[in-house]
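S.K.: Please work out how this folds:
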Amino acid sequence: MNPSDPARRPSGHGPTDPGLLDSPLDFISEDHLRERQICAVIDGLAAAASLERQAALTILRFLNEEVNVHLRDEVEELFPLLAQRCMAEDAIESAIARIRVDQIAAMRLLPPIRASLAGCLDSGSDLSSEERAMLTRFAAHMRRHLVAENAILLPIARARLTRADLATLSHHMRARRGLAPDVEKKNAE
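M.R.: Residues are numbered from 1 along each chain as shown. The predicted structure follows:
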């Protein structure tokens, strides 16, 4: 699959295909598509007249199963590799710092958002205006860091990271998801 082929790209409506882990930057890019899709679902839920159960379940599943793994990919692997490989003119440290501000702000909202969504699902009640505002803030933080990552970090990563860096990134991302390393590819190199 060629991830840049628009007819074959994932829709973002489900978790990113682990088959893309052979190309970790493409996987991260597709994870970003997924995050943008979830932000749209969050905005829809925040604006809905009453609780949309399926939307709340989709968001909660994403928050519980996907977002932390993706952030670990970036914070524990991608950002340090970029810091190691980039040149001073890339100004990568300041770009990463700006991105981390929004990531941290979004992550601070995770526990109350999870509790709100779970509570509404359990009780059948609607979201309060405060909970709706919190969802909107969360989506805004997510979008801001996605824009910076897609516009700044991923292009620089494609230019600066070595094949060995990408292999290491792929290996750690697979391990984080409980997947075996791609032995066939490793042996072919």
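S.K.: Let me see the confidence value for residue 2.
M.R.: Listed pLDDT for residue 2 reads 46.
S.K.: Same question for the one 3 residues further on.
M.R.: If you check residue 5, the pLDDT there is 44.
S.K.: Beyond the strand or helix carrying residue 84, next helix or strand please.
M.R.: Residue 84 belongs to helix 79-85 when assigned by DSSP states H and E. Counting by DSSP H and E, the next helix or strand C-terminal to helix 79-85 is helix 92-123.
S.K.: which residues of the protein score low on pLDDT?
M.R.: The chain contains residues with pLDDT under 70 at 1-13, 182-189.
S.K.: What segments of it are helices?
M.R.: 24-47, 53-65, 67-72, 79-85, 92-123, 129-148, 154-160, 163-176, 183-188 (DSSP state H).
S.K.: so which of those is the most packed in?
M.R.: Scoring those by mean neighbour count under mean count of other Cβ atoms under 10 Å gives helix 24-47 as the most buried, with a mean of 20. In this view, the C-beta of every residue, glycine as well, is placed from N, C-alpha and C.
S.K.: Which strands or helices does that one pack on?
M.R.: The helices and strands touching helix 24-47, judged by 3 or more Cβ pairs under 8 Å, 6 or more residues apart in numbering; DSSP states H and E, are helix 53-65, helix 67-72, helix 129-148, helix 154-160, helix 163-176.
S.K.: To residue 95, which of the ones you listed lies closest?
M.R.: helix 129-148 (6.5 Å; Cβ to Cβ).
S.K.: quick check: angle from the closest one to helix 24-47?
M.R.: In terms of direction (axes from the mean of the first three to the mean of the last three Cα atoms, to 10 degrees), helix 129-148 departs from helix 24-47 by 160 degrees.
S.K.: How far off centre is helix 129-148?
M.R.: 14 Å (Cα atoms, centre = their mean, to the nearest Å).
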